[in-house]
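Student: Build me a model from this:
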Amino acid sequence: MITLASFLMGMAFGGTFDVYVSPIKLVNRATNPNIAISHEEDAPYYYSSLYSKLAKEDNGHGGHTPVEKVRVYNKYTIEALYPECNYRRKPILCAMQNGHYYVETIVTLNDDQMIFRTTLYSPEGIIINTATRTDEMVVNWIRQQEVTVVETESRQGKQTMTHFGKEEMPLKWEIPYKLLQYHAQQASLGLWVGVKLN
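Tutor: The predicted structure follows:
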């Protein structure tokens, strides 16, 4: 309780707040073998360090001003400050117990879509803001039909005859979605630009 009170006093007078950013959690529901995923699990930490200064706080006069100081921690640096809490297993509980903000990033992979969602929680465990980016598989159908074109020339001029043969089932051409660093960057930017603290 003392930690929470000192944290709130620090926010009121110093404009400083601490944020723990956990690694990406991957929920893979894709069965398509053509979907290849390569990601950097700490990308949300790097981008939160960069964009967290875009957050705004209530200035007490009906407007918002940029937060003066944001301290962003990852799974390695947070353990140095709070070694008694297991941030890898219970990150939101640890954040609530220690009175700081928490950023969670979940990437869900389905056969036809990738959803990249990042969420900021308050020290009370309440969602403050969330940002989502998606990428979808592109499916093209290629028509299969034999077409014969015959051109003849006579006194009346050129004639073109087109004969359409039996149509086969179309071919399905899939272009899988990709999980890119761009998705982490855009989701983090969207998250922090929309943060307004009271």
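Student: Would you tell me which strand is longest in the chain?
Tutor: strand 157-175 (DSSP state E).
Student: State the mean pLDDT of that one.
Tutor: Average pLDDT, strand 157-175: 75.
Student: how about that strand as CSV, C-alpha atoms only?
Tutor: The C-alpha coordinates for strand 157-175 follow below in CSV (Å, rounded to 0.1, in the frame of the first residue of the first chain):
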residue,chain,number,x,y,z
GLY,A,157,-11.9,-10.1,-94.4
LYS,A,158,-10.5,-11.5,-91.2
GLN,A,159,-12.6,-13.7,-88.9
THR,A,160,-11.8,-14.7,-85.4
MET,A,161,-13.5,-17.6,-83.8
THR,A,162,-13.1,-18.3,-80.1
HIS,A,163,-14.0,-21.7,-78.7
PHE,A,164,-14.3,-22.3,-75.0
GLY,A,165,-13.6,-25.8,-73.8
LYS,A,166,-14.6,-27.5,-70.6
GLU,A,167,-14.0,-25.4,-67.5
GLU,A,168,-12.1,-27.0,-64.7
MET,A,169,-12.2,-26.2,-61.0
PRO,A,170,-10.3,-22.9,-60.4
LEU,A,171,-6.9,-23.0,-58.8
LYS,A,172,-6.6,-21.5,-55.4
TRP,A,173,-3.5,-19.2,-55.0
GLU,A,174,-2.8,-18.1,-51.4
ILE,A,175,-0.5,-15.3,-50.4
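Student: The next helix or strand after that strand - contacts with which helices or strands?
Tutor: Downstream of strand 157-175, the next assigned helix or strand under DSSP states H and E is helix 181-193. Contact partners of helix 181-193 among helices and strands, from 3 or more Cβ pairs under 8 Å, 6 or more residues apart in numbering; DSSP states H and E: helix 43-51, strand 101-109, strand 113-121, strand 127-136. In short, each C-beta sits where N, CA and C put it, glycine included.
Student: What residues sit buried inside helix 181-193?
Tutor: By 16 or more other Cβ atoms under 10 Å, the buried positions in helix 181-193 come out as 183-192.
Student: which stretch among the helices and strands packed on helix 181-193 comes nearest Gly62?
Tutor: strand 127-136 (19.6 Å; Cβ to Cβ).
Student: relative to strand 113-121, how tilted is the closest one?
Tutor: 170 degrees (axes from the mean of the first three to the mean of the last three Cα atoms, to 10 degrees).
Student: Many thanks, I have nothing further to ask.
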